[in-house]
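In: have a look at this prediction, sequence included:
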Amino acid sequence: MADTADIKETGLLVDQAAETGFRSRLIYVGRLLWRDKTGLVGLIMFLIVVISAVFAPVLAPYDPLRQDLRAAKQPPAWSEEGDISHPLGTDNLGRDILSRIIYGSRVSLTVGFFGVLIACSLGLLIGLIAGYLGGRVDNVIMGLVNLILALPYLVFVVFIAAILGQGLIIVILIFGFTDIPIFVRITRGEVLRIRESGFVEAALSIGSTRKRIIFNHILPNLIGPLITIATFEMSAMIFYEAGLGFLGLSVPPSVPSWGNMLATGRKYLTIYPWIATFPGLAIVFTGLGMNLLGDWLRDVLDPRLRRMKK
Amino acid sequence: MSRILTVKNLVTRFYTFDGVVHALNGVSFHLDHGETLAIVGESGSGKSVTMMSLLHLLPMPPARIEEGEAVFEDDDGPIDLLKLSKPERRRVRGGKIGYIFQDALSALNPVMTVGRQVRESIMEHLSLDQKAARERTIQLLEHVGIPGAKSRYGNYPHQFSGGMRQRVMIAVAIACDPKIVIADEPTTALDVTVQAQIIELTKRIQDELGISVIWITHDLGVVAGIADRVLVMYAGSAVEISPVDRLYEHPQHPYTEGLLAALPRVGAKRGKRLASIKGSPPDLQEPPRHCQFAWRCPYNFDRCWASAPPLFEVGEGHYTKCYYDMDQERPR
């Protein structure tokens, strides 16, 4: 059994090794994606969101802030009273919902990306320290981490947001800092595992310095698990940002964001359901895409799982 | 022959939560220039702990080296390996003493190319620039018999077979012209034909570079083929040291005798059960007060239970820790 699995793995990876150029790597990743269709779907969904955020001014048919009270509360194009000029309809102030969703992705992705960036880099640093130094430092850090993780997350975030007030930067900082513990925990666990591994021992036996062991042996082995967790955390942050927006605690109401749109739509949910439905769908779409992508990354970045998933 | 390493009365203990583990209880041996010393013994007998103590590779705590000295004859005079500062230790590791690990797959970093891992050792010890180190790495890989070394430089460990990985480990170990190479069961995880290749390779390199080898194993068949002298370990002590031929002909410790009797033989009568040593090794958490083999020893008598036997010289270069004279079949 082990033999056949070995052959399969080597066969797969020898192709990758034949040329180590960028192009062949891209082809290799492409083949991995093709083999696991859910990963491909996840990646496409994620790319759609990214593209709409980057090219929002080009893609959006209207200015997301422009009000047109005469066209207010127009239903989506496929319903009887709908009009093709507003494909997803308009909200209570006559703003185009499609345009607002496209622009709203900017807030979501910015919060998700920078929030994860802060959480991941600081979590990595603190986790490395805790895992590598161990002892009392580790105890203190993990004590704090467990304390924060024991708090109900959303209540905690809402509490801080209510104190600090609205604003994009504030939201990013809140998510960035409150999410550190997750990354600390993952990093520390991995560092403990890697530190005991054979190759770190082997590196010690050839006289490697501590610095070299951290940078050459421990960090590269952390990239896989951290990227995976980062994807899941990013989708979670997008969810929570929308939640805060719904409560009016995220970006100011003037900024088009999915959370703000949900808050607006809530009042009209029974009469004009599309106002809240479409931003809700956008959130689900993004979250689903990123989770599929994260699942795929977890499999692909771990060579052992890559082998099992034929 | 001149000594390159003299270890005297090495005592290593582990201070664990459950109590003190007496891992090594005064191990003494020496190693000559260019010779191969095999260390045999069952799991937990302290083979690896001895070697890792010498290089300070044990996690401390819980491990603590309590006593002993290990004098290494460096180019500029003898140094005690157990009393080195941290930078000196790093200089010795890899630079003076190379280490080949049992499981090459886990001893190689899965996310780093093989070439880089060999190069890392070179750059740590020899003052070579990247390019020169790369050249040397490729030479080394060729030297240990990796076909197409140049194109294999950028491969990852999982793209190598078990035997090839072990060759890479050997390349890492000899990368900086060490005086001693410690091979910690390098063939255990390999199948027999590959084992033979690795043993051949090690011998060839040893002859070419004039290094001394300490070969840790529990395979007495391998020992007969490669070793000049054999050190038998049991429960944290070196119970017998002997030139390899003498050991097989005249084992002077009941444990060695038991090990040799347990070897399966080609042409043995079918259906006959293999001989075994009755009982199990002692609990290392008890400090040794008498011969640790006494429970399992067919020859044990009152003195065995009174004190731990010292090292008796029983022949040229042949020592044993046993009160019973097996040639005369009576207590000494």
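Out: Structure's in. What do you need? Numbers count the residues shown, from 1 in each chain, chains lettered A, B, ... in the order given.

In: what residues does chain B have near chain A?
Out: B:55, B:57, B:89-95, B:98-99, B:101, B:103, B:105-112, B:116, B:120-121, B:124-125, B:154-156, B:158-159, B:169, B:172-173, B:175-176 (CB under 8 Å from any CB of the partner chain). In this view, the C-beta of every residue, glycine as well, is placed from N, C-alpha and C.

In: in strands, which of the residues you listed fall?
Out: Members of the residues of chain B next to chain A lying in strands (criterion: DSSP state E): B:98-99.

In: just the buried ones from the residues of chain B next to chain A?
Out: B:55, B:57, B:89-95, B:98-99, B:101, B:103, B:105-109, B:111-112, B:116, B:120-121, B:124-125, B:155-156, B:158-159, B:169, B:172-173, B:175-176 (16 or more other CB atoms under 10 Å in any protein chain shown).

In: the helices in the stretch 101-250 of chain A, which residues?
Out: A:135-150, A:153-164, A:168-178, A:180-195, A:198-205, A:210-212, A:219-246 (DSSP state H, counting those that start in this stretch).

In: any buried residues in the helix or strand just after the last one, and which?
Out: Next along the chain after helix A:219-246, taking DSSP states H and E as the criterion, comes helix A:258-266. Of all the residues in helix A:258-266, those buried under the rule 16+ other CB under 10 Å are A:258-265.

In: got it, and stretch A:95-106?
Out: Buried residues in stretch A:95-106 (16+ other CB under 10 Å): A:95-106.

In: could you do stretch B:17-35 as well?
Out: B:21-31, B:34-35.

In: ok, stretch A:248-256 next?
Out: A:249-251, A:255-256.

In: again, but for stretch A:269-285
Out: For stretch A:269-285, a neighbour-count test (16+ other CB under 10 Å) marks A:272, A:274-280, A:282-283, A:285 as buried.

In: give me the element residue B:22 is part of.
Out: strand B:19-32.

In: other SSEs contacting that strand?
Out: strand B:3-16, helix B:47-54, strand B:63-74, strand B:212-217, strand B:237-243 (3 or more CB pairs under 8 Å, 6 or more residues apart in numbering or on different chains; DSSP states H and E).

In: low-confidence ranges, the stretch 1-150 of chain A, go.
Out: A:1-21 (pLDDT under 70).

In: 50 instead, please
Out: A:1-19 (pLDDT under 50).

In: what strands flank the strand holding residue B:22, and is each parallel or antiparallel?
Out: strand B:3-16 (antiparallel) (DSSP bridges).

In: how about residues contacting the strand it pairs with?
Out: In this structure, residues lying in contact with strand B:3-16 by CB atoms under 8 Å, 6 or more residues apart in numbering or on different chains are B:20-33, B:46, B:49-50, B:53-54, B:58, B:61-73, B:82, B:179-180, B:212.

In: can you show me the helices along chain B?
Out: B:47-54, B:86-92, B:104-107, B:114-125, B:130-143, B:149-152, B:162-174, B:192-209, B:220-226, B:244-249, B:254-261 (DSSP state H).

In: show me the residue sitting in the middle of chain A in space.
Out: residue A:234 (2.1 Å; CA atoms, centre = their mean).

In: and the residue nearest to that one when sequence neighbours are not counted, how many neighbours?
Out: In space, and not counting its chain neighbours, residue A:234 is closest to residue A:112: 4.2 Å by CB to CB, 6 or more residues apart in numbering or on different chains. Per other CB atoms under 10 Å in any protein chain shown, the neighbour tally for residue A:112 reads 26.

In: same deal with the one 3 residues further on?
Out: Residues lying near residue A:115 (other CB under 10 Å) number 26.

In: hmm, it is touching residue A:172, no?
Out: Yes. If you go by CB atoms under 8 Å, residue A:115 and residue A:172 touch, sitting 5.3 Å apart.

In: kindly report the residues of the stretch 51-200 of chain A close to chain B.
Out: By the rule CB under 8 Å from any CB, the part of the stretch 51-200 of chain A lying against chain B is A:197-199.

In: top of the residues you listed by number of neighbours, please.
Out: Highest neighbour count within these: residue A:199, with 24 neighbours (other CB under 10 Å).

In: before we move on, back to that, switch the helices and strands packed on strand B:19-32 over to TSV; also include mean pLDDT, mean neighbour count and distance to residue B:289.
Out: Below are these laid out as TSV (pLDDT from 0 to 100; neighbours: other CB atoms under 10 Å in any protein chain shown; distance: least, CB to CB, whole Å):
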stretch	mean pLDDT	mean neighbour count	distance to residue B:289
strand B:3-16	87	18	15
helix B:47-54	87	23	21
strand B:63-74	85	17	17
strand B:212-217	89	24	28
strand B:237-243	88	24	13
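
In: so where is the stretch 201-310 of chain A shaky, pLDDT-wise?
Out: Using pLDDT under 50, the stretch 201-310 of chain A drops low at A:308-310.
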